[in-house]
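Peer 1: just need the structure, nothing else, for what follows:
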Amino acid sequence: MSKAQIDVIQGDITRVPADAIVNAANSALAMGGGVCGAIFRAAGVAELNAACRAIGECATGHAVITPAFGIKTAQFIVHAVGPIYAEYVPEKAAAVLRGAYAAALEVAAENGCRSIAFPAISTGIYGYPLREACAEAVSVCAVEAPRHNLAVKLVAFDDTTANALREAVARLS
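Peer 2: Alright, predicted model coming up:
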């Protein structure tokens, strides 16, 4: 794959067919709200909690992988920890967010994945400005996904996020 294959999908990430789906995780790998809660519920809370407890923690800007358990459209869940925006100066927040996306792509590829579905990491309760977060996501995926031979699906639950992702992808061309 020489050019990045990046598609924007609006819907429920737990129903998107991909080898791996990405959980916008917290560093404790604990069940949270938003997309994290939806992924835990779809996978099976008890099983995913046990797998995450066995791993322990994941540093901000990094990613770890678990089985997808009850999510039948994926084999794996990649738990990527993005920054809490208010805790960083903007340039550092951007670097940490890029690190989370790059780490997710790397761990998926290391586990034989050919496709990966991302939510807009850090844009919910972590407060990352939506347009900036989407631009960072797309720029990392455009460079790193082809290196790992991964097709990327950027999944938005709502219209606003879907539009921001589409705008970021359109700026690539």
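Peer 1: for the biggest helix by length in the chain, packing partners?
Peer 2: The helix that spans the most residues within the chain, counting by DSSP state H, is helix 90-110. Using 3 or more C-beta pairs under 8 Å, 6 or more residues apart in numbering; DSSP states H and E as the contact test, the elements touching helix 90-110 are strand 20-25, strand 63-67, strand 76-81, strand 115-118, helix 130-147. For glycine as for every other residue, the C-beta is placed from the backbone atoms N, C-alpha and C.
Peer 1: mind running it again at 7 Å?
Peer 2: Judged by 3 or more C-beta pairs under 7 Å, 6 or more residues apart in numbering; DSSP states H and E, helix 90-110 is in contact with strand 63-67, strand 76-81, strand 115-118, helix 130-147.
Peer 1: so which bits of that helix are buried?
Peer 2: Buried residues in helix 90-110, defined by neighbour count with 16 or more other C-beta atoms under 10 Å: 93-94, 96-109.
Peer 1: over to stretch 112-125?
Peer 2: With burial defined by 16+ other C-beta under 10 Å, the residues of stretch 112-125 counted as buried are 113, 115-124.
Peer 1: which of the residues you listed lies closest to residue 167?
Peer 2: Sorting these by how near they are to residue 167, with C-beta to C-beta, puts residue 120 at the top with 12.4 Å.
Peer 1: how about the nearest residue to the closest one, chain neighbours excluded?
Peer 2: Taking C-beta to C-beta, 6 or more residues apart in numbering as the measure, residue 120 lies nearest to residue 161, with 5.2 Å between them; neighbours along the chain are not counted.
Peer 1: now that neighbour: which helix or strand?
Peer 2: When secondary structure is defined using DSSP states H and E, the element that contains residue 161 is helix 159-170.
Peer 1: rewinding a little: what's the most distant pair in the buried residues of helix 90-110?
Peer 2: Spanning the widest gap among the buried residues of helix 90-110 are 93 and 109, at 25.0 Å by C-beta to C-beta.
Peer 1: how about the residue sitting furthest away from the middle of the chain, what does it touch?
Peer 2: In the chain, the residue that sits farthest from the middle, by C-alpha atoms, centre = their mean, is residue 173; the gap is 22.6 Å. The neighbours of residue 173, taking C-beta atoms under 7 Å, 6 or more residues apart in numbering as the test, come to nothing; the list is empty.
Peer 1: per-residue pLDDT, it?
Peer 2: The predicted local distance difference test score for residue 173 is 75.
Peer 1: and it, how close does it get to residue 106?
Peer 2: Distance check for residue 173 against residue 106: by C-beta to C-beta, to the nearest Å, it reads 26 Å.
Peer 1: then residue 77?
Peer 2: When C-beta to C-beta is the yardstick, residue 77 and residue 106 sit 15 Å from each other.
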